[in-house]
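Chemist: the sequence and its predicted three-dimensional model are supplied below.
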Amino acid sequence: MMRFAIIWTILGKELLETLRDRRTLMRLVLLPVILYPIFAIGVSKLLGDESAARAARPSVVAVWGRLPASFERVLGEAERVEVHPWAGAPEEVRQKLTEGSLAPPPFPDPVDEEEAIEKGKASQITAGWSEPDNEVLLAARAALGRREVDAVLVAWSDFAPAIEQDRQGQVSIYYDSVRPDSTTARGRLDRAITRARKVIRTEREVNHKVPEGFSTPIEALFRNAAPEQRRVGQLLGSMMPMMLLLMSLLGAFLPAIDLTAGEKERGTMQTLLCAPVRPLEIIWGKFLAVWCIAVLTALANVISLAFTVRRLLPDVESVAPSVFLLTFGLLVPVTFLFSALFLALAVFARDFKDGQNALMPATVPLTLLAGVASLPILELDPWTSLVPVLNIALLIKALFLGEVKTALIFWTLVSSAIYAALALLLAARVFAREQILLGGQEGARAVLGLERRGGGVPSATFSMTALGIILVVFYYGSLSVAKLGVAKQLAVTQLGMFLLPTLVLVLGFGFSARETLALRLPPWRGALGALLVGLSGGVVAAGFLVRFLPPPPELAKELGKMVLLDGAPLPLVLLLTAVMPAVCEELLFRGLLFSGLRRLGPVIAIVGSSLVFGLAHGSLYRLLPTLFLGLSMGYARYRTGSIGAGMLIHVLNNGLAASLLYFAPEVAASTEQVPWSMAFAGLAVYAAGIALLRSAGDPEPRPTLTTT
């Protein structure tokens, strides 16, 4: 017979011991109390702002065909409706509609219009039926897919004569149910048609007798132009990203705890530390183990999802195997991030239970980020492409919808790779602290290397973290000042988003500004070499590298317009496009970032800083030229030990390009390639400059490991 008094005593003991643990208390009480209200307020604010913005935006409606005067007047007076005659209509469809050779498709299940109006249903809307493919539907679908318009109103050839002769006329309204703006346009047209019915009915009551069709002057047939595959893609895209990301997260969660806190609890971590292995080897081995399990978990879920979708939706051809293959590919950088982050956090725990408490505060926000992607108003755009986890979720959603933009894929993958690299650097730094591996405690500032110092240069972890913060600030900040003039944008971004944060981080954390930013004059050979490289580097890049990936003429024209600051005088152009970037960008990339990476070797410092420099310019077409120039400036910094050499190359390259655009815009805007003779002449000058840099003196020494 059970003794309830003893059960009650044991229950009280276990609850007391559990609630004494501050981390458990935080996970059970404080985390939901703090996190969920913030999340709910943020989502509601996002939904409210988007709803208000969508309501304020006018709906662009393409009208294909002739409208009677009364209907055209009502449509023109409709609130927030912009009428664009024949917008997006192919010439062949326009000609056939004008000639009257295209008849409206039959309505499958007509209803009593009078009864529908009496019940408050302004329009006849079919359910469970899709219009068969035809020329008009396909043309409207294409126009909606290109987002040229929000809805297409087709006035069939007999519509205007029917209204003018007091008969019933038929229009078709095509919209895309997947796009919120398109469904908003559909509602606005619905209200406009209801008002048009009343106006026309009133005119008939006054002027004419009651003929057949009097009570229903307009038959409006609303057609969902979104194909079935796209509607299924919307359903899958709203559900699957969160499920796949959550399962991938769980695939890294338990192994990360078991290989860190679990080993501490079993006593095997101390044995591993006694073995002749390095902390970096330990972290790589454990990371790869956790990552492999997470990747296999993601792969299993994607395969299962693919077979499930194929079984439930055998007729939906758009969900091709390539979509699931690409989805798995997008999960790889996320599993990389999860594995590294969970390892770095779990190693602080003393045992398995403590590891769960340590990882839970990180798991909940990551899960919520994945869940936000299911909101229909959220799409992958320049803002969301830099948000970790959310960007991958939205990219998977776009894959299912078939709305993937190449530039946003680029930024999503680059930002995800940077976040994953930062997480791995964090894990490596934590595993280098033997006190933590043995179960001791150490402050977060000491672990992250954020304590104030008296001199020295930053670590690679600090430099990469600082760069990530600065680039995120730059990216979002540049979007927020996009409405300013080009000159003000350049000044604000260079001074406020590059120079100021760099100086604050270097001086605020007590690093040596002279050593970190290489504030010294280059030797004369180095200065002369930088001069030759700066004069010829742009010619070499244009003569050889641009041939592999020439920019579109529109992009080149837009870039030239931006460089010239919309007709500003040449001194201001040179100041804002040559001098200011040479100072601000070099102090960041060849100063703060280069100094931290220099500890890992000159090759990593030169290549790493140059690659990030190229990516920061945000264009696939400029990546190779900027990477090449970044390598040149990084090599100059390394050989001379001076930031001045890189600044000289930078200012000469940008200044020559701006001057060419200013004095000879027709030459700069030409789509013809740089002649081979000029390219090889530039290469000879460039080689001479590199030779002078090489002979400038001893290269900059690697910082000692004692300065953190």
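Modeler: Noted; the coordinates are in hand. Numbering: from 1, shown residues only.

Chemist: give me the pLDDT for the closest residue to Pro458 other than its chain neighbours.
Modeler: Spatial nearest neighbour of Pro458, excluding adjacent residues (CB to CB, 6 or more residues apart in numbering): Gly596 at 4.7 Å. All C-beta spots, glycine's among them, are computed from the backbone N, C-alpha and C. We have a pLDDT of 87 for Gly596.

Chemist: which element is Gly596 on?
Modeler: Per DSSP states H and E, Gly596 falls inside helix 594-598.

Chemist: kindly report the same for Val83.
Modeler: Val83 is part of strand 81-85, with elements assigned from DSSP H and E.

Chemist: centre of the chain to that strand, how far?
Modeler: Put simply, strand 81-85 sits 32 Å off its chain's centre (CA atoms, centre = their mean, to the nearest Å).

Chemist: other SSEs contacting that strand?
Modeler: Using 3 or more CB pairs under 8 Å, 6 or more residues apart in numbering; DSSP states H and E as the contact criterion, the elements in contact with strand 81-85 are strand 59-64, helix 69-77, helix 180-207.

Chemist: for Pro501, see how far away Leu467 is.
Modeler: 10 Å (CB to CB, to the nearest Å).

Chemist: to clarify, my last question referred to Glu263.
Modeler: Between Glu263 and Pro501 the distance, using CB to CB, works out to 39 Å.

Chemist: can I see the domain layout of the protein?
Modeler: Listed by automatic domain parsing, the domain ranges of the chain are 59-226, 231-451, 518-703.

Chemist: tell me the mean pLDDT over the shortest one?
Modeler: Per-residue confidence for domain 59-226 averages out to 75 on the pLDDT scale.

Chemist: quick one, helices of the stretch 451-600 of the chain?
Modeler: Applying DSSP state H, counting those that start in this stretch to the stretch 451-600 of the chain gives helices spanning 460-480, 486-491, 500-508, 513-516, 524-540, 553-563, 570-574, 580-586, 594-598.

Chemist: with the stretch 151-300 of the chain instead?
Modeler: Defined through DSSP H, counting those that start in this stretch, the helices belonging to the stretch 151-300 of the chain, from first to last, are 159-164, 180-207, 228-258, 261-266, 268-274, 279-312.

Chemist: can you tell me which of those is most buried?
Modeler: Scoring those by mean neighbour count under mean count of other CB atoms under 10 Å gives helix 228-258 as the most buried, with a mean of 21.

Chemist: tell me which helix or strand in this protein has the weakest average pLDDT.
Modeler: In the chain, the helix or strand scored least confidently by mean pLDDT, DSSP states H and E is strand 124-125, which has a mean of 39.

Chemist: low-confidence regions, the stretch 551-700 of the chain specifically.
Modeler: Scanning the stretch 551-700 of the chain with the threshold set as pLDDT under 70 gives 551-561, 566, 618-621, 665-672, 698, 700.

Chemist: go with 90
Modeler: 551-573, 576-577, 596-604, 607-627, 657-679, 694-700 (pLDDT under 90).

Chemist: quick one: the strands in it?
Modeler: In the stretch 551-700 of the chain, no strands are found when defined by DSSP state E, counting those that start in this stretch.

Chemist: still on that earlier bit, I'd like to know how many residues surround the residue nearest to Pro458.
Modeler: Using other CB atoms under 10 Å as the criterion, Gly596 is surrounded by 26 other residues.

Chemist: that one contacts Val457, correct?
Modeler: Yes - checked against CB atoms under 8 Å, the pair Gly596 and Val457 is within contact range at 7.0 Å.

Chemist: that older thread, in JSON lines, list the domains of the chain along with distance to Thr461.
Modeler: Compiled in JSON lines, the domains of the chain are given as follows (distance: least, CB to CB, whole Å):
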{"stretch": "domain 59-226", "distance to Thr461": "42"}
{"stretch": "domain 231-451", "distance to Thr461": "5"}
{"stretch": "domain 518-703", "distance to Thr461": "8"}
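
Chemist: which of those domains sits closest to Val486?
Modeler: Across the domains of the chain, the minimum distance to Val486, taken as CB to CB, is reached by domain 518-703, at 5.1 Å.

Chemist: quick revisit: and the helices of the stretch 151-300 of the chain: which comes nearest Lys483?
Modeler: It is, among those and with distance given as CB to CB, helix 180-207, at 21.5 Å.

Chemist: related to what we said a few turns ago, chain center to whichever helix or strand comes after the strand holding Val83, what's the gap?
Modeler: Remark: after strand 81-85, the chain's next helix or strand is helix 91-99, criterion DSSP H and E. A distance of 40 Å separates the C-alpha centroid of helix 91-99 from that of its chain, computed with CA atoms, centre = their mean.
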